[in-house]
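Asks: got a predicted model here, sequence first, then my questions.
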Amino acid sequence: MGLPDGPLPWESEDFLRPALQDDPLLQADPEELCGSEEPGSSGGSSSRTHDALLRRTQAAEEGLARSLEDVHKLKLLVQGLFLDAETSKSGELGAVAKLREDEDEAYFSSYGHYSIHEEMLKDKVRTESYRDFMYRNAEVFRDKVVLDVGCGTGILSMFAARSGAKKVIAVDQSEIIYQAMDIVRSNNLEDKITLIKGRIEDIKLPVEKVDIIISEWMGYFLLYESMLDSVLYARDLYLADGGSVYPDLCNISLVAVGDIQKHQDRIAFWDDVYGFNMACMKKAVVHDAVAEVVNADTLISEPTVIQTIDCNTVCLSELEFTTDFCLKILNTADCTQSCAHSVFNVSLLCQVMFSTGPQATKTHWRQTVFLLEKPLFVQAGDELQGKIVVRKNKKDPRSLFVTLGLPDRKQTYSLQ
Ligand SMILES: C[S@@+](CC[C@H](N)C(=O)[O-])C[C@H]1O[C@@H](n2cnc3c(N)ncnc32)[C@H](O)[C@@H]1O
């Protein structure tokens, strides 16, 4: 897959101009439309704004109707403004929330199959960390209303219920929720856990506010899948003052790796494949970030944190970032790749944390490897300076582009 090449049609001003140039409301500053209302308030001006926007959408549909597709894009834009106005504390609406159902279908159908849930449930580091933090902090959950964003089989909801939550609302868009309904009944927790099928961005919860949001939203390289966007959406709309999102603190670290064997397997391999030169394939190979287990013996630097996320305060824009880093080299070697991993932390009374790093117990996330096209010679004691840029793919906001700048090179990788 190539790099993003310019804005989508509805992102360009030219697309909007013919439709909107005479419409003062749609030309208004988005901040004016958002006003200063609290998220979730059913105050008049947001719904008025919504009505007015809808009226204008209808007019736009009648007047414009360049094609059904154009009208759909316009509706999306208006819907985006409406949601901004009514729901988002920060005034931001993530690209994931704006995805059409058909654009996001493959994502949710992948979660409909039992096997992905089996893999996650069998990842003891992950699942036991969630269990331990809820069971050991039962006083935090007692009599609370809890929202589980993306409940899957319902495992986190059931941990929360067993920890004494008064009510748990479990939401998932994928078909796995039908299994969760059976699972919850089989464990006699139907009085406590309410399951709702739908995207958190599309449904209305049966309560105005929740005390706690739990979610297992973490993807490869922490941010792949962009599911954190959905958790932040839920936080801004439903979390009561003084409420908490768990896990709360996460970070992404980078470390240098010297693994010539792995490099040859993936790069030099193409020079001679059964006697044929396939070197042109290298260009494709080096742009793919790969999730794999890195042998801890091949690490040649100290890890360095490139991003810290506090789920209670982070805003959407911070999920794309640029960070300068410095890797302290410990061993003289050819640096063949860098690898990223995450640490998840739940800073409660009884703190629980786990790492997906190469030196920790293996998890289903493994590590994310960024292979260097050509190895880079480094010596013990060197400080390898670099810059990392993380951006969502505009054409597919659940996937990411990561650009790694090192002293004499720059490479962009895609995570998809
Ligand atoms: C990583 S799985 C976690 C499942 C479960 N919580 C667990 O810990 O085993 C994420 C789940 O969130 C669901 N999900 C992702 N984004 C969602 C959204 N915006 N609305 C509703 N469900 C969502 C997916 O369908 C998937 O089942």
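Replies: Everything's here; your move.
Asks: by proximity to the ligand, which residue of the stretch 51-200 of the chain wins?
Replies: residue 150 (2.0 Å; C-beta to the nearest ligand atom). (C-beta placed from N, C-alpha, C; glycine too.)
Asks: residues contacting that residue?
Replies: Contact partners of residue 150, counting by C-beta atoms under 8 Å, 6 or more residues apart in numbering, are 171, 172, 200, 215, 216, 217, 227, 230.
Asks: same thing with residue 164?
Replies: 138, 141, 142, 143, 144.
Asks: look at the residue nearest to the fourth one when sequence neighbours are not counted and report its pLDDT.
Replies: Distances taken as C-beta to C-beta, 6 or more residues apart in numbering place residue 166 nearest to residue 143, at 4.7 Å, with adjacent residues excluded. Predicted confidence (pLDDT) at residue 166: the value is 98.
Asks: which parts of the protein sit against the ligand?
Replies: Neighbours of the ligand within the chain, by C-beta under 6 Å from any ligand atom: 108, 111, 117, 120, 150-153, 155-156, 171-174, 176, 199-201, 216, 227, 230.
Asks: shaky segments in this protein?
Replies: For the chain, residues meeting the criterion pLDDT under 70 lie at 1-92, 346-349.
Asks: tell me the domain boundaries of it?
Replies: Listed by automatic domain parsing, the domain ranges of the chain are 105-246, 249-415.
Asks: take the ones you listed and lay them out in a markdown table including distance to residue 96.
Replies: Shown next, in a markdown table, are those (distance: least, C-beta to C-beta, whole Å):
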| stretch | distance to residue 96 |
| --- | --- |
| domain 105-246 | 4 |
| domain 249-415 | 5 |
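Asks: what's the most buried one of the ones you listed?
Replies: Among the domains of the chain, the stretch with the highest mean neighbour count (mean count of other C-beta atoms under 10 Å) is domain 105-246, at a mean of 19.
Asks: centre of the chain to that one, how far?
Replies: When distances are taken as C-alpha atoms, centre = their mean, to the nearest Å, domain 105-246 is centred 15 Å away from the chain's centroid.
Asks: need the phi and psi values for residue 228.
Replies: Main-chain dihedrals, residue 228, degrees, to the nearest 10: phi -60, psi -30.
Asks: how about the one 3 residues further on?
Replies: Main-chain torsions, residue 231, degrees, to the nearest 10: phi -70, psi -40.
Asks: you'd agree it is up against residue 215?
Replies: Yes: with contact defined as C-beta atoms under 8 Å, residue 231 reaches residue 215; the gap is 4.8 Å.
Asks: need the residues touching each of those two.
Replies: Contacts common to residue 231 and residue 215, judged by C-beta under 8 Å, 6+ apart, are 149, 245.
Asks: with secondary structure added, can I get the contacts of residue 164 in TSV?
Replies: Below are those laid out as TSV (DSSP: H, G, I helix; E, B strand; the rest coil):
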residue	secondary structure
138	helix
141	helix
142	coil
143	coil
144	coil
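Asks: okay if I get the residues you listed as JSON lines plus distance to residue 254?
Replies: Formatted as JSON lines, these follow (distance: C-beta to C-beta, whole Å):
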{"residue": "138", "distance to residue 254": "36"}
{"residue": "141", "distance to residue 254": "35"}
{"residue": "142", "distance to residue 254": "40"}
{"residue": "143", "distance to residue 254": "42"}
{"residue": "144", "distance to residue 254": "37"}
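Asks: give me the sheet partners of the helix or strand hosting residue 335 and which way each runs.
Replies: Under the criterion of DSSP states H and E, residue 335 resides in strand 333-346. Using DSSP bridges, the strands paired with strand 333-346 are strand 249-257 (antiparallel), strand 352-355 (antiparallel), strand 367-378 (antiparallel).
Asks: how far out from the middle of the chain is that strand?
Replies: 18 Å.
Asks: before we move on, what about stretch 101-109?
Replies: Between the centre of stretch 101-109 and the centre of its chain there are 15 Å (C-alpha atoms, centre = their mean).
Asks: thought residue 197 was touching residue 177?
Replies: Yes: counting by C-beta under 8 Å, residue 197 sits close enough to residue 177 to count as a contact (4.8 Å).
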